[in-house]
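Q: Predicted model follows, preceded by the sequence.
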Amino acid sequence: MKVLLVYAHPEPNSFNGALRDITVQALLAAGHEVRVSDLYAMQFDPVSDRRNFKTVKNPAFLKPQAEEVYATEQDGFAPELEAEIQKILWCDLMIWQFPLWWFGLPAILKGWVDRVFAMGRIYELWPCL
């Protein structure tokens, strides 16, 4: 099985870091392929804006979902997003390792989702029945 572990904690030696390490070791020992996106180590920028795209559908008004669909059609995602998208398309299983801060996930992980889970590429808009 191909496993993507998305890790979001600023301290590599934290309890979350230990959980990440043991998870990777156990998965590899069981014969699985593992890739890790360590968002803090990557200095992943969680801010979503026009930098997400190499292409522009509407230069007058940024509508992220419309730009995502257009970028899907034009191979127009910024390289750092395309790399993360490729990891998602590659994996059979995705694990998120993060601490709960104020009853939610760290902003860097929320920004990763906002930028990487692109309409037209990672998910589709389903018509209402």
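A: All right, it came through fine.

Q: Show me what the longest helix belonging to the chain packs onto, helices and strands only.
A: Ranked by residue count and defined by DSSP state H, the top helix of the chain is helix 15-29. Under the contact definition 3 or more Cβ pairs under 8 Å, 6 or more residues apart in numbering; DSSP states H and E, helix 15-29 sits against strand 2-7, strand 33-38, strand 93-97. In this view, the C-beta of every residue, glycine as well, is placed from N, C-alpha and C.

Q: Point out where the chain drops to low pLDDT.
A: Counting by pLDDT under 70, the chain contains low-confidence ranges at 125-129.

Q: For residue 83, find the nearest of the helices and strands packed on helix 15-29.
A: strand 33-38 (8.8 Å; Cβ to Cβ).

Q: still on that earlier bit, could you say which of the helices and strands packed on helix 15-29 is packed most deeply?
A: strand 2-7 (a mean of 20; mean count of other Cβ atoms under 10 Å).

Q: could you give the angle of that strand to helix 15-29?
A: 170 degrees (axes from the mean of the first three to the mean of the last three Cα atoms, to 10 degrees).
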